[in-house]
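In: any chance you could fold what I've pasted below:
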Amino acid sequence: MSKTLPVVGILGGGQLGKMLALAAHPWDLPIHMLDRSPDYPGGPVSTKFFTGDFNNYDDVVAFGQQADILTVEIEHVNTAALKTLKAAGKIVHPDPDILEIIKDKGLQKEFYKKNNLPTADFRLYKDLNDLKAAIDRAEVTYPFVQKSREAGYDGKGVVVIKDAEMIEQCLPGGCVIEPLVPIDKEIAVVVARNADGACQSFEPVEMQFHPTANLVELLFCPAALTAKQASKVSQLARQVIETYQLCGLLAVEFFLTKDGEWLINEVAPRPHNSGHHTINSCVTSQFEQHLRAILNWPLGDTTERQPAAMINLLGADGHTGPVAYEGMETCLGLADCHLHLYGKTQTRPFRKMGHATALADDIATAIEKVRTIKNTLKIVSHAQKES
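Out: Numbers count the residues shown, from 1 in each chain. Reported below is the predicted structural model:
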């Protein structure tokens, strides 16, 4: 029986929305987006763009009326509006009740504890005064990690406090406090699940973080894990998505401790930076897989065709303004290297402006290639170049 393709509505029009729309184009799948400006990365490639605020109840409800299925490219959206749309019969993935847990790091941690999922010890504090009082009574001891409960992303909302001299660097507002865990590796697994309960994970990736911006700078796949470790962490990721009963993608970030223990750090209920390499290295990309999952279509083959490394392309330090690129032609001359520039019109220091993926017969060669790209491609401000 013939069937009209459903309209997929995405809250958010950033780079993840753009890459979701590009994955949908071969199927002629209509993609509508809601965000503040059609100049955002997703605007030019969406079937239809709605200008509005995904944190505004009325904007989200109005946007949702014209879509068959709703999803997100960022978890910090108006979940009350999504609940209204769900009650009216719209399909919403991930479910807004799940989103409310995941977008609050405190609720996330309590969820893992309640469901006997491994995570670092933690305490919750309502504000900075509450935290300082806990330090004074030695309930919290140095060193510790402070995470804002809400609105943290791309390294924002996380600080490591090593001693009393750093106390003024603590973040305001409600927070999660964790001990500074002795980490051997930081690993991520992107896993998908559809409404029929089918579940499929991508191979674990190993992440390295930018020392200043505190965001993922480089990752490679397969991760440097034993077969037993890789099997264990993939199994844990599937356990997490099944415990949430989430439909769509879930990126699960893990710590592997020096003692060989796996701890869940946090999750993202959408395509994620740790899965960008799949566009070039896997049979099915994470973006196509997310669409398959929310549509309850068969999940795709996640086989890794070749070892891969990915590096984030960040705005150059000292450059803010209209974007310009230096060294692009040289990078395009590198064998089996793939540039993905997001189309952001304005650059600023450490802003994610794109990523590059390199494929090779071995991880060391792939990493060498993306490091060459990082050292060659400079993302600067056109205005500052002219001045």
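In: and the longest helix for the chain?
Out: In the chain, ranked by residue count with DSSP state H as the criterion, the top helix is helix 227-244.
In: next helix or strand past it?
Out: The C-terminal neighbour of helix 227-244 among helices and strands, as given by DSSP states H and E, is strand 248-257.
In: list the buried ones in that next one?
Out: Of all the residues in strand 248-257, those buried under the rule 16 or more other Cβ atoms under 10 Å are Gly248, Leu249, Leu250, Ala251, Val252, Glu253, Phe254, Phe255, Leu256. Bear in mind the C-beta positions are built from the backbone N, C-alpha and C, glycine included.
In: right, and Tyr40 touches Leu16 too?
Out: No - taking contact to mean Cβ atoms under 8 Å, the distance of 10.9 Å between Tyr40 and Leu16 leaves them out of contact.
In: so which of the buried residues of strand 248-257 is the closest to Ile167?
Out: Phe255 (24.5 Å; Cβ to Cβ).
In: which ones are touching the closest residue to Ile183 other than its chain neighbours?
Out: Leaving aside its chain neighbours, Ile183 sits nearest to Phe255 (4.9 Å; criterion: Cβ to Cβ, 6 or more residues apart in numbering). The contact partners of Phe255, by Cβ atoms under 8 Å, 6 or more residues apart in numbering, come to Ala120, Val181, Ile183, Lys185, Glu186, Ile187, Trp262, Leu263, Asn265.
In: same question, Phe287
Out: Taking Cβ under 8 Å, 6+ apart as the definition of contact, the neighbours of Phe287 are Leu16, Met19, Leu20, Leu22, Ala23, Pro271, Thr278, Ile279.
In: residues making contact with the helix or strand where the fifth one lies?
Out: Read that as Ala23. Secondary-structure assignment from DSSP H and E places Ala23 in helix 15-24. With Cβ under 8 Å, 6+ apart as the test, helix 15-24 has contacts from 8, 10, 30-31, 33, 35, 40-42, 45-47, 73-74, 270-271, 276, 279, 285, 287-288, 290-291, 340, 342-344, 352, 354.
In: which of these fall in helices?
Out: In this view, those that belong to helices under DSSP H are Ile279, Phe287, Glu288, His290, Leu291.
In: tally of neighbours for the third one?
Out: The criterion is other Cβ atoms under 10 Å. On that basis, Glu288 has 25 neighbouring residues.
In: same check on the one 5 residues further on?
Out: Burial measure for Ala293: 30 neighbouring residues, criterion other Cβ under 10 Å.
In: next: the one 10 residues further on.
Out: Taking other Cβ under 10 Å as the neighbour definition, Thr303 ends up with a count of 11.
In: ok, and the closest non-adjacent residue to it?
Out: In space, and not counting its chain neighbours, Thr303 is closest to Val283: 4.9 Å by Cβ to Cβ, 6+ apart.
In: for Gly157, same thing?
Out: Nearest one to Gly157, counting by Cβ to Cβ, 6+ apart, is Ser148 at 3.7 Å.
In: I'd say that neighbour and Val159 touch.
Out: No - in terms of Cβ under 8 Å, Ser148 does not count as a neighbour of Val159; the distance is 9.1 Å.
In: between these two, which contacts overlap?
Out: In the contact map built from Cβ under 8 Å, 6+ apart, the residues linked to both Ser148 and Val159 are Leu171.
In: how is the chain carved up into domains?
Out: Using automatic domain parsing, the domains assigned to the chain come out as 8-92, 121-179, 183-386.
In: ok, which of these comes nearest Asn115?
Out: Of all the domains of the chain, domain 183-386 sits nearest to Asn115, with 5.1 Å by Cβ to Cβ.
In: ok so, going back, buried subset of the contacts of helix 15-24?
Out: 8, 10, 30-31, 33, 35, 40-42, 45-46, 73-74, 270-271, 276, 279, 285, 287-288, 290-291, 340, 342-344, 352, 354.
In: now intersect those with the strands, please.
Out: Val8, Ile10, Ile31, Met33, Asp35, His340, Lys352, Gly354 (DSSP state E).
In: what about the strands in the stretch 1-150 of the chain?
Out: 8-11, 31-35, 48-51, 69-72, 91-92, 123-125, 144-148 (DSSP state E, counting those that start in this stretch).
In: would a markdown table of those with mean pLDDT and distance to Asn115 be doable?
Out: Supplementary listing: the strands of the stretch 1-150 of the chain in a markdown table, determined by pLDDT from 0 to 100; distance: least, Cβ to Cβ, whole Å:
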| stretch | mean pLDDT | distance to Asn115 |
| --- | --- | --- |
| strand 8-11 | 98 | 27 |
| strand 31-35 | 98 | 32 |
| strand 48-51 | 98 | 37 |
| strand 69-72 | 98 | 23 |
| strand 91-92 | 98 | 22 |
| strand 123-125 | 98 | 17 |
| strand 144-148 | 96 | 20 |
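In: adding distance to Lys232, write the ones you listed out as TSV.
Out: As requested, the strands of the stretch 1-150 of the chain are exported to TSV (distance: least, Cβ to Cβ, whole Å):
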stretch	distance to Lys232
strand 8-11	33
strand 31-35	36
strand 48-51	43
strand 69-72	29
strand 91-92	32
strand 123-125	28
strand 144-148	24
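In: so which of those is nearest Ala192?
Out: Checking the strands of the stretch 1-150 of the chain against Ala192 by Cβ to Cβ gives strand 69-72 as the closest, at 12.5 Å.
In: give me the sheet partners of the closest one and which way each runs.
Out: When pairs are called by DSSP bridges, strand 69-72 turns out to pair with strand 8-11 (parallel), strand 91-92 (parallel).
In: buried set for it?
Out: Judged by neighbour count (16+ other Cβ under 10 Å), strand 69-72 contains these buried residues: Ile69, Leu70, Thr71, Val72.
In: sounds good, over and out.
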